[in-house]
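J.: sharing a model prediction with you, sequence too.
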Amino acid sequence: YLDCKLYSQEGRRMLHLVNLSGSRNPGYLEEVLPVGPIEVSIKLDGFTPVSAALRVSGMIIKPEIRNGWAKIRIDSLHMHELIVWE
């Protein structure tokens, strides 16, 4: 179970992913269960990113651009990640 929030700022898109896989009740996390690999795609709508920065893990990934979508792959998501497409 992942909570995903997509934000848009001038010149970039941001996606915050929160791993709630160890949650038994809303708002209560019993254990952290890493998930992955995960493929994340965003619709471009006139925006063409050059890179995707994973702010929590400190990685920069070149997105695959195809048919109006930008796609990246995250090998493992522990607690949360912030992806910034620029």
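T.: Looks like it came in fine.
J.: could you measure from Ile74 over to Gly11?
T.: 22 Å (C-beta to C-beta, to the nearest Å). To be clear about C-beta, it is placed using only N, CA and C from the backbone, and glycine gets the same treatment.
J.: more neighbours, these two?
T.: With neighbours defined as other C-beta atoms under 10 Å, Ile74 and Gly11 compare such that Ile74 has more, 19 against 9.
J.: now the chain, which segments are flagged as low pLDDT?
T.: 24-27 (pLDDT under 70).
J.: let me see the ranges of the strands in it.
T.: 2-9, 12-19, 23-25, 28-29, 38-43, 52-54, 59-61, 64-66, 69-74, 80-85 (DSSP state E).
J.: now for the last one, which elements pack on it?
T.: The reference is to strand 80-85. Applying 3 or more C-beta pairs under 8 Å, 6 or more residues apart in numbering; DSSP states H and E, one finds that strand 80-85 contacts strand 12-19, strand 52-54, strand 69-74.
J.: hmm, who's touching the longest one?
T.: Strand 12-19 is contacted from outside by 1-8, 32-35, 38, 40, 42, 47, 49, 74, 77-86, using C-beta atoms under 8 Å, 6 or more residues apart in numbering.
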